[in-house]
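Undergrad: My questions concern the predicted model and sequence given below.
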Amino acid sequence: MAMKLLLIGFGHVGQELAGIMILNKSEYPGLRNFDPVISQIISPTRGSISDPSHEDIRRIIGGHNPKQRTGYSDLADFKDFAVRKIRESNYDVLVELSPLSISENGDPAVTYVREALMRGKHVVTANKGPVAFAHEELHDLALKNGAKFLFESTVMDGAPVFNMTRETLKGCRIHQISGILNSTTTFILSSLEQGASFDEAVREAQGAGFTESDPANDIEGWDAAAKITVLANALLDARMTPFDVRRRGIRDITQDMVREALENKSHIRLVARARNESGRVTATVGPEKIPEHHHFSGIRGTGACLRIETDLMTPLMITQESPTLSDTAFGVIGDLLTISQFLKP
Ligand SMILES: NC(=O)c1ccc[n+]([C@@H]2O[C@H](COP(=O)([O-])OP(=O)(O)OC[C@H]3O[C@@H](n4cnc5c(N)ncnc54)[C@H](OP(=O)(O)O)[C@@H]3O)[C@@H](O)[C@H]2O)c1
């Protein structure tokens, strides 16, 4: 049975996803039995596009004018429109791919996800907002309404973090997680090591497309704080938001500090940590000196790593080398494949 998808947001991730699972599916033998249909695409500049054909999708990805262009300049009006569509449209899974908003406490994505789950619709999101700001509420709503709420791509793209812990660490209690989760700061700190000034390193990161035009979310540690909150909420049963994370970014890191660390056979990296101590979860983000022999020091460029400590297993490391957009799209596809097992024929 075809799985009908309503996509909210059709930027980098949405377009890569549509490219893999609709336009070029035949190139991936593992997706042979996966039968998704995009029944609707919704975004502020496009309004709503219903039942896009392959040709429509190709045109959008190619940057041409979509068939229908409603266009909302006011995001509050667009949110009302999107909520109406989520409430009224015919679909099996809401695929939520809008941008993270820290200042709006994860909204409008939290609202979109809530509305879909209230109807008993499954939800997949790559947006950290819903899990970082409302995990407990949305998880409970999904359970109550018999729906799945999955978010593999929110941390380390498609690398199996939530799938792995859910499926293969059953019975283990996770008590600590730590990792290097933000690639922009790794890139900037590596450039400082190679002699660039902070401003030059930021410009280089922007030039390489690693960071948005305003890199503050990365440099001040907000992106890493959102990711460690997602992990803490989902894996440590914390009920926290990114505002609860003790956070220090890398803005004060100087070339001298980086050089001194190198002289001591260490690398400065932005490290995120969360731990559960007697039922109380705390989380931090900040620059740390990582000795060369430590596993974290091998992380380069856009790579990331996560260390998981449990009561039954010795620590596990998940390491990711140079992820691309295809990794993020794969995380969404993996979640959709999980949901396909639960769809009624
Ligand atoms: N890019 C990555 O590698 C990556 C990796 C992991 C997770 N993620 C997460 O995945 C999500 C999508 O990322 P992306 O790179 O595809 O972002 P993007 O290229 O900036 O695209 C965002 C999309 O969301 C739409 N949008 C903007 N404001 C909206 C609103 N208020 N309500 C609904 N839709 C809205 C935009 O609409 P218009 O097209 O009409 O402007 C656009 O289609 C983000 O939450 C991001 O953090 C991204």
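TA: Everything's here; your move.

Undergrad: what residue is smack in the middle of this structure?
TA: Centre of the chain computed as the mean C-alpha position; nearest residue by CA atoms, centre = their mean is Thr154, 2.0 Å away.

Undergrad: In the stretch 51-200 of the chain, what residue spans correspond to strands?
TA: 93-96, 122-125, 149-150, 174-180 (DSSP state E, counting those that start in this stretch).

Undergrad: could those strands be laid out in CSV, adding mean neighbour count?
TA: Any C-beta I mention is one placed from the backbone N, CA and C, and that applies to glycine too. Shown next, in CSV, are the strands of the stretch 51-200 of the chain (neighbours: other CB atoms under 10 Å):
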stretch, mean neighbour count
strand 93-96, 26
strand 122-125, 27
strand 149-150, 23
strand 174-180, 23
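
Undergrad: Dump these to CSV, plus distance to Thr168 and mean pLDDT.
TA: Shown next, in CSV, are these (distance: least, CB to CB, whole Å; pLDDT from 0 to 100):
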stretch, distance to Thr168, mean pLDDT
strand 93-96, 24, 98
strand 122-125, 20, 98
strand 149-150, 16, 98
strand 174-180, 12, 97
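
Undergrad: Export these as JSON lines, with columns for distance to the ligand.
TA: JSON lines is the format used below for the strands of the stretch 51-200 of the chain (distance: least, CB to the nearest ligand atom, whole Å):
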{"stretch": "strand 93-96", "distance to the ligand": "8"}
{"stretch": "strand 122-125", "distance to the ligand": "8"}
{"stretch": "strand 149-150", "distance to the ligand": "13"}
{"stretch": "strand 174-180", "distance to the ligand": "15"}
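
Undergrad: Using JSON lines, lay out those together with distance to Glu263.
TA: Formatted as JSON lines, the strands of the stretch 51-200 of the chain follow (distance: least, CB to CB, whole Å):
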{"stretch": "strand 93-96", "distance to Glu263": "47"}
{"stretch": "strand 122-125", "distance to Glu263": "44"}
{"stretch": "strand 149-150", "distance to Glu263": "45"}
{"stretch": "strand 174-180", "distance to Glu263": "21"}
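
Undergrad: Which among those is found nearest to Ile20?
TA: strand 93-96 (13.0 Å; CB to CB).

Undergrad: Tell me the gap between that closest one and the middle of its chain.
TA: For strand 93-96, the gap between its own C-alpha mean and the chain's C-alpha mean amounts to 14 Å (CA atoms, centre = their mean, to the nearest Å).

Undergrad: what's in contact with it?
TA: For strand 93-96, the external contacting residues (CB atoms under 8 Å, 6 or more residues apart in numbering) are 3-9, 14, 17, 86, 109, 112-113, 116, 121-127, 130, 332, 336, 339.

Undergrad: Which residues are in contact with the residue nearest to Leu75 when sequence neighbours are not counted?
TA: Nearest residue to Leu75 in three dimensions, chain neighbours excluded: Pro44, at 6.3 Å (CB to CB, 6 or more residues apart in numbering). By CB under 8 Å, 6+ apart, the contact set of Pro44 is 71-72, 75, 78.

Undergrad: can you list the weak-confidence ranges in the chain?
TA: The model of the chain has pLDDT under 70 over residues 64-70, 212-213.

Undergrad: ok, back up a step: so the residue nearest to the centre of the chain versus Val332, what's the distance?
TA: 10 Å (CB to CB, to the nearest Å).

Undergrad: shared neighbours of the two, anything?
TA: Ala126.

Undergrad: can you pull the buried residues of stretch 206-213?
TA: Neighbour counts over stretch 206-213 (16 or more other CB atoms under 10 Å) mark 210-211 as buried.

Undergrad: do the same with stretch 239-254
TA: Those would be 240-242, 245, 247, 249-250, 253, for stretch 239-254 by 16+ other CB under 10 Å.

Undergrad: Among those, which one sits closest to Arg300?
TA: Of the buried residues of stretch 239-254, the one sitting nearest to Arg300 (CB to CB) turns out to be Ile250, at 16.3 Å.

Undergrad: I figured the closest one hits Ala216, correct?
TA: No - in terms of CB atoms under 8 Å, Ile250 does not count as a neighbour of Ala216; the distance is 11.4 Å.

Undergrad: I'd assumed Asp218 was in contact with Thr184.
TA: Yes - at 3.7 Å, Thr184 counts as touching Asp218 under the criterion of CB under 8 Å.

Undergrad: Now for these two: what residues contact both?
TA: By CB under 8 Å, 6+ apart, the residues touching both Thr184 and Asp218 are Thr211.

Undergrad: re the thing from before, ok, and which of the contacts of Pro44 reach the ligand?
TA: Filtering the contacts of Pro44 for proximity to the ligand by CB under 6 Å from any ligand atom leaves Leu75.

Undergrad: Select only the buried ones of the contacts of Pro44 in ChimeraX?
TA: To isolate the buried subset of these in ChimeraX, counting by 16+ other CB under 10 Å, use the following:
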select :72,78
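
Undergrad: Among the contacts of Pro44, which one lies nearest to Glu321?
TA: Closest to Glu321 out of these is Leu75 (36.5 Å), distances taken as CB to CB.
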